[in-house]
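> What follows is a predicted structure for the sequence shown.
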Amino acid sequence: MTEEAARTALLRFLNSKCCYGSKAAGELVIQELKQLTVYRYRLETFHESRLSEWAFEPFPPAGRPRGAAPLPGPPRLPAPPPFRERTRRLRLPHAALVKECHGCHGHGRSKCSVCHGAGWTRCVTCKGSRRSLKQQKRCQLCSGTGRKRCNTCSGRGSKTCAMCQGEKKLQHFKQLVITWRNNVFEFVSAHQLDLPGELLSRVNGENVFRDENVQVYPVADFPEPEICLASQRAVAEHSAAFAASSRILQQER
Ligand SMILES: [Zn+2]
Ligand SMILES: [Zn+2]
Ligand SMILES: [Zn+2]
(Lines give C-alpha, C1' and ligand atoms only; values in the text may rest on other atoms or scores of the structure.)
(Ligands and ions follow the chains in the order given, each with its own letter.)
Protein backbone atom coordinates (compact mmCIF):
# COMPACT_ATOMS: atom_id res chain seq x y z
CA MET A 1 0.00 0.00 0.00
CA THR A 2 1.45 3.33 -1.07
CA GLU A 3 0.48 6.79 0.12
CA GLU A 4 -0.97 7.47 -3.28
CA ALA A 5 -3.14 4.34 -3.21
CA ALA A 6 -4.33 5.14 0.33
CA ARG A 7 -5.37 8.64 -0.67
CA THR A 8 -7.13 7.39 -3.81
CA ALA A 9 -9.04 4.85 -1.75
CA LEU A 10 -10.08 7.49 0.76
CA LEU A 11 -11.23 9.86 -1.99
CA ARG A 12 -13.15 7.09 -3.71
CA PHE A 13 -14.92 6.34 -0.45
CA LEU A 14 -15.82 10.02 0.04
CA ASN A 15 -17.12 10.32 -3.50
CA SER A 16 -19.47 7.43 -2.88
CA LYS A 17 -21.20 9.46 -0.14
CA CYS A 18 -23.47 12.23 -1.33
CA CYS A 19 -22.66 14.95 1.19
CA TYR A 20 -19.07 14.26 2.22
CA GLY A 21 -16.51 16.90 1.23
CA SER A 22 -13.19 15.78 -0.12
CA LYS A 23 -11.09 18.90 0.53
CA ALA A 24 -9.63 17.71 3.82
CA ALA A 25 -8.80 14.30 2.45
CA GLY A 26 -7.08 15.85 -0.56
CA GLU A 27 -4.87 18.02 1.63
CA LEU A 28 -4.35 15.43 4.32
CA VAL A 29 -0.76 14.71 5.26
CA ILE A 30 -0.26 11.00 5.68
CA GLN A 31 2.32 10.51 8.41
CA GLU A 32 2.48 6.77 8.74
CA LEU A 33 1.14 3.71 6.94
CA LYS A 34 0.99 0.54 9.02
CA GLN A 35 1.15 -2.76 7.23
CA LEU A 36 -1.08 -5.43 8.64
CA THR A 37 -1.49 -8.99 7.48
CA VAL A 38 -4.88 -10.59 7.74
CA TYR A 39 -5.50 -14.22 6.84
CA ARG A 40 -8.73 -15.59 5.62
CA TYR A 41 -9.63 -19.24 5.74
CA ARG A 42 -12.49 -20.48 3.66
CA LEU A 43 -13.89 -24.00 3.38
CA GLU A 44 -16.45 -24.79 0.74
CA THR A 45 -18.23 -28.13 0.94
CA PHE A 46 -20.27 -29.47 -1.94
CA HIS A 47 -22.61 -32.23 -0.88
CA GLU A 48 -25.43 -34.34 -2.21
CA SER A 49 -28.52 -35.49 -0.32
CA ARG A 50 -31.27 -37.84 -1.43
CA LEU A 51 -34.77 -38.46 -0.21
CA SER A 52 -37.82 -40.11 -1.69
CA GLU A 53 -41.30 -38.67 -1.61
CA TRP A 54 -44.74 -39.36 -3.05
CA ALA A 55 -46.02 -37.17 -5.84
CA PHE A 56 -48.96 -37.41 -8.21
CA GLU A 57 -50.02 -36.47 -11.71
CA PRO A 58 -53.22 -36.80 -13.75
CA PHE A 59 -53.84 -40.27 -15.06
CA PRO A 60 -53.31 -40.90 -17.92
CA PRO A 61 -50.55 -38.33 -17.99
CA ALA A 62 -50.71 -35.69 -20.69
CA GLY A 63 -49.00 -36.86 -23.84
CA ARG A 64 -48.75 -40.46 -22.68
CA PRO A 65 -51.65 -42.74 -23.54
CA ARG A 66 -53.23 -45.06 -21.00
CA GLY A 67 -51.45 -48.38 -20.84
CA ALA A 68 -48.21 -47.00 -22.22
CA ALA A 69 -45.07 -48.71 -21.02
CA PRO A 70 -43.82 -47.32 -17.71
CA LEU A 71 -40.92 -44.96 -17.77
CA PRO A 72 -37.55 -46.60 -17.57
CA GLY A 73 -35.80 -46.68 -14.20
CA PRO A 74 -33.83 -43.73 -12.91
CA PRO A 75 -31.05 -43.04 -15.35
CA ARG A 76 -27.54 -42.91 -14.02
CA LEU A 77 -27.38 -39.39 -12.89
CA PRO A 78 -24.06 -37.59 -13.03
CA ALA A 79 -23.49 -34.98 -10.35
CA PRO A 80 -23.46 -31.40 -11.63
CA PRO A 81 -20.09 -29.64 -11.82
CA PRO A 82 -18.70 -29.17 -8.29
CA PHE A 83 -20.04 -26.25 -6.26
CA ARG A 84 -23.04 -25.76 -8.58
CA GLU A 85 -26.26 -26.00 -6.56
CA ARG A 86 -29.10 -27.96 -8.13
CA THR A 87 -32.16 -30.09 -7.39
CA ARG A 88 -33.32 -32.99 -9.57
CA ARG A 89 -36.42 -35.14 -9.23
CA LEU A 90 -36.41 -38.65 -10.62
CA ARG A 91 -39.42 -40.86 -10.92
CA LEU A 92 -38.89 -44.28 -9.39
CA PRO A 93 -40.27 -47.23 -11.35
CA HIS A 94 -42.52 -49.93 -9.87
CA ALA A 95 -43.97 -47.66 -7.22
CA ALA A 96 -47.12 -46.24 -8.71
CA LEU A 97 -50.82 -46.57 -8.00
CA VAL A 98 -53.85 -45.02 -9.60
CA LYS A 99 -56.54 -43.53 -7.36
CA GLU A 100 -59.63 -41.42 -7.69
CA CYS A 101 -58.72 -37.72 -7.73
CA HIS A 102 -59.09 -36.31 -4.24
CA GLY A 103 -59.45 -32.79 -5.58
CA CYS A 104 -62.77 -33.42 -7.34
CA HIS A 105 -63.74 -36.80 -5.80
CA GLY A 106 -63.53 -38.36 -9.26
CA HIS A 107 -65.87 -35.95 -11.01
CA GLY A 108 -63.24 -34.32 -13.18
CA ARG A 109 -64.68 -30.92 -12.41
CA SER A 110 -64.59 -28.78 -9.32
CA LYS A 111 -66.89 -26.07 -8.05
CA CYS A 112 -66.10 -22.62 -9.42
CA SER A 113 -64.60 -20.58 -6.61
CA VAL A 114 -65.77 -17.25 -8.05
CA CYS A 115 -69.52 -17.95 -8.23
CA HIS A 116 -69.42 -20.81 -5.68
CA GLY A 117 -71.10 -23.13 -8.17
CA ALA A 118 -74.02 -20.86 -9.04
CA GLY A 119 -72.85 -19.98 -12.56
CA TRP A 120 -73.67 -16.33 -12.07
CA THR A 121 -72.47 -13.42 -9.97
CA ARG A 122 -74.20 -10.31 -8.73
CA CYS A 123 -74.26 -7.48 -11.26
CA VAL A 124 -71.53 -4.99 -10.31
CA THR A 125 -73.35 -1.96 -11.71
CA CYS A 126 -76.63 -2.24 -9.85
CA LYS A 127 -75.23 -4.47 -7.12
CA GLY A 128 -78.13 -6.86 -7.61
CA SER A 129 -80.89 -4.22 -7.19
CA ARG A 130 -81.84 -4.55 -10.91
CA ARG A 131 -82.18 -0.80 -11.23
CA SER A 132 -79.59 1.76 -12.09
CA LEU A 133 -78.88 3.75 -8.97
CA LYS A 134 -79.05 7.24 -10.51
CA GLN A 135 -82.03 7.07 -12.80
CA GLN A 136 -84.06 4.43 -11.03
CA LYS A 137 -84.44 2.72 -14.39
CA ARG A 138 -83.87 -0.86 -15.27
CA CYS A 139 -80.13 -1.68 -15.08
CA GLN A 140 -78.86 -1.95 -18.64
CA LEU A 141 -75.84 -4.03 -17.88
CA CYS A 142 -77.79 -6.99 -16.52
CA SER A 143 -81.07 -6.20 -18.32
CA GLY A 144 -82.76 -5.91 -14.97
CA THR A 145 -81.90 -9.38 -13.76
CA GLY A 146 -79.41 -8.25 -11.11
CA ARG A 147 -77.13 -11.07 -12.24
CA LYS A 148 -74.24 -11.58 -14.58
CA ARG A 149 -73.02 -14.80 -16.06
CA CYS A 150 -69.83 -15.94 -14.28
CA ASN A 151 -66.90 -15.37 -16.61
CA THR A 152 -64.57 -17.74 -14.81
CA CYS A 153 -66.67 -20.84 -15.46
CA SER A 154 -68.72 -19.47 -18.41
CA GLY A 155 -71.88 -19.99 -16.39
CA ARG A 156 -71.34 -23.68 -15.76
CA GLY A 157 -70.75 -23.34 -12.03
CA SER A 158 -67.80 -25.68 -12.23
CA LYS A 159 -64.49 -25.86 -13.98
CA THR A 160 -62.05 -28.54 -15.00
CA CYS A 161 -60.32 -29.88 -11.91
CA ALA A 162 -56.82 -28.43 -11.84
CA MET A 163 -55.44 -31.39 -9.95
CA CYS A 164 -56.39 -34.17 -12.37
CA GLN A 165 -56.95 -31.84 -15.35
CA GLY A 166 -60.35 -33.40 -15.80
CA GLU A 167 -59.04 -36.99 -15.96
CA LYS A 168 -60.83 -37.94 -12.69
CA LYS A 169 -57.91 -40.12 -11.67
CA LEU A 170 -54.47 -39.48 -10.29
CA GLN A 171 -51.42 -41.61 -10.51
CA HIS A 172 -49.38 -41.51 -7.33
CA PHE A 173 -45.74 -42.36 -7.72
CA LYS A 174 -42.56 -42.24 -5.75
CA GLN A 175 -39.81 -39.93 -6.75
CA LEU A 176 -36.28 -39.46 -5.71
CA VAL A 177 -35.27 -35.91 -4.87
CA ILE A 178 -31.56 -35.28 -5.22
CA THR A 179 -30.22 -32.00 -3.95
CA TRP A 180 -26.74 -30.65 -4.44
CA ARG A 181 -25.81 -27.87 -2.07
CA ASN A 182 -22.79 -25.81 -1.32
CA ASN A 183 -21.90 -24.61 2.17
CA VAL A 184 -19.21 -22.13 3.05
CA PHE A 185 -17.32 -21.65 6.28
CA GLU A 186 -15.30 -18.50 6.49
CA PHE A 187 -12.92 -17.16 9.09
CA VAL A 188 -10.84 -13.97 9.15
CA SER A 189 -7.89 -13.92 11.52
CA ALA A 190 -7.83 -11.46 14.42
CA HIS A 191 -6.76 -7.94 13.55
CA GLN A 192 -6.48 -4.63 15.31
CA LEU A 193 -8.59 -2.86 12.72
CA ASP A 194 -11.96 -1.66 13.81
CA LEU A 195 -13.56 -3.08 10.66
CA PRO A 196 -16.39 -5.54 10.21
CA GLY A 197 -15.07 -8.99 9.32
CA GLU A 198 -17.28 -9.27 6.25
CA LEU A 199 -15.55 -6.23 4.69
CA LEU A 200 -12.17 -7.84 5.21
CA SER A 201 -13.40 -11.11 3.78
CA ARG A 202 -14.08 -9.32 0.48
CA VAL A 203 -10.60 -7.87 0.21
CA ASN A 204 -8.51 -9.18 -2.64
CA GLY A 205 -5.35 -10.73 -1.43
CA GLU A 206 -2.77 -13.22 -2.33
CA ASN A 207 -3.71 -16.85 -2.33
CA VAL A 208 -1.31 -18.49 0.09
CA PHE A 209 -2.68 -21.97 -0.22
CA ARG A 210 -5.43 -23.71 -2.12
CA ASP A 211 -6.48 -27.32 -2.05
CA GLU A 212 -9.39 -29.22 -3.49
CA ASN A 213 -10.32 -32.81 -2.83
CA VAL A 214 -13.18 -35.15 -2.03
CA GLN A 215 -12.41 -34.35 1.56
CA VAL A 216 -9.76 -31.98 2.79
CA TYR A 217 -7.80 -32.13 6.03
CA PRO A 218 -7.46 -29.34 8.55
CA VAL A 219 -4.56 -27.00 7.93
CA ALA A 220 -1.52 -27.88 10.03
CA ASP A 221 1.68 -25.97 10.73
CA PHE A 222 0.44 -22.69 9.38
CA PRO A 223 2.34 -19.77 10.98
CA GLU A 224 -0.93 -18.31 12.25
CA PRO A 225 -2.26 -20.78 14.85
CA GLU A 226 -5.73 -19.21 14.65
CA ILE A 227 -6.02 -20.39 11.05
CA CYS A 228 -5.15 -23.96 12.04
CA LEU A 229 -7.80 -23.88 14.75
CA ALA A 230 -10.38 -22.35 12.43
CA SER A 231 -9.71 -24.99 9.80
CA GLN A 232 -10.07 -27.77 12.37
CA ARG A 233 -13.40 -26.28 13.41
CA ALA A 234 -14.53 -25.88 9.80
CA VAL A 235 -13.73 -29.44 8.78
CA ALA A 236 -15.35 -30.83 11.95
CA GLU A 237 -18.46 -28.66 11.58
CA HIS A 238 -18.99 -29.58 7.95
CA SER A 239 -18.44 -33.26 8.42
CA ALA A 240 -20.82 -33.29 11.41
CA ALA A 241 -23.43 -31.38 9.45
CA PHE A 242 -23.26 -33.20 6.12
CA ALA A 243 -21.58 -36.56 6.53
CA ALA A 244 -24.58 -38.17 8.27
CA SER A 245 -27.46 -36.89 6.16
CA SER A 246 -25.72 -36.43 2.86
CA ARG A 247 -22.64 -37.30 0.94
CA ILE A 248 -19.74 -34.89 0.64
CA LEU A 249 -18.65 -34.81 -2.98
CA GLN A 250 -15.98 -32.16 -3.03
CA GLN A 251 -14.31 -29.73 -0.69
CA GLU A 252 -12.19 -26.72 -1.40
CA ARG A 253 -10.15 -24.75 1.05
ZN1 LIG B 1 -68.20 -19.47 -11.85
ZN1 LIG C 1 -77.38 -4.75 -13.07
ZN1 LIG D 1 -59.72 -33.98 -10.05
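Nice, thanks for sending it over. Ligands and ions are numbered 1, 2, ... in the order given.
> what's around the nearest residue to residue 100 once chain neighbours are set aside, how many residues?
Spatial nearest neighbour of residue 100, excluding adjacent residues (C-beta to C-beta, 6 or more residues apart in numbering): residue 106 at 4.0 Å. Placement of C-beta: from N, CA and C, glycine included. A count of neighbours around residue 106, defined by other C-beta atoms under 10 Å, yields 15.
> Also residue 98?
A total of 13 residues lie near residue 98 under the criterion other C-beta under 10 Å.
> So which residues on the chain come close to ligand 2?
Proximity of the chain to ligand 2, by C-beta under 5 Å from the ion, involves residues 123, 125, 126, 139, 141, 142.
> redo that, cut-off 6 Å
If contacts are counted using C-beta under 6 Å from the ion, the residues of the chain sitting beside ligand 2 are 123, 125, 126, 139, 141, 142, 146.
> what subset of those residues is also close to ligand 1?
Taking C-beta under 6 Å from the ion, there is no overlap between the residues of the chain next to ligand 2 and the neighbourhood of ligand 1.
> quick one: low-confidence ranges for the stretch 1-150 of the chain?
Within the stretch 1-150 of the chain, the ranges that satisfy pLDDT under 70 run 63-76, 133, 135.
> What are the boundaries of the strands in it?
Listed in chain order, the strands of the stretch 1-150 of the chain (DSSP state E, counting those that start in this stretch) span 40-59, 86-100, 109-111, 120-122, 147-149.
> Quick one: closest of those strands to ligand 3.
Shortest distance between ligand 3 and the strands of the stretch 1-150 of the chain, using C-beta to the ion, is found for strand 109-111: 6.6 Å.
> and the closest one, what other elements does it pack with?
Helices and strands in packing contact with strand 109-111 are listed as strand 158-160; criterion 3 or more C-beta pairs under 8 Å, 6 or more residues apart in numbering; DSSP states H and E.
> what lines up beside the strand it packs on in the sheet?
strand 109-111 (antiparallel) (DSSP bridges).
> And the partner strand, how far out from the chain middle?
33 Å (C-alpha atoms, centre = their mean, to the nearest Å).
> likewise stretch 195-208?
Distance, stretch centre to chain centre, for stretch 195-208: 27 Å (C-alpha atoms, centre = their mean).
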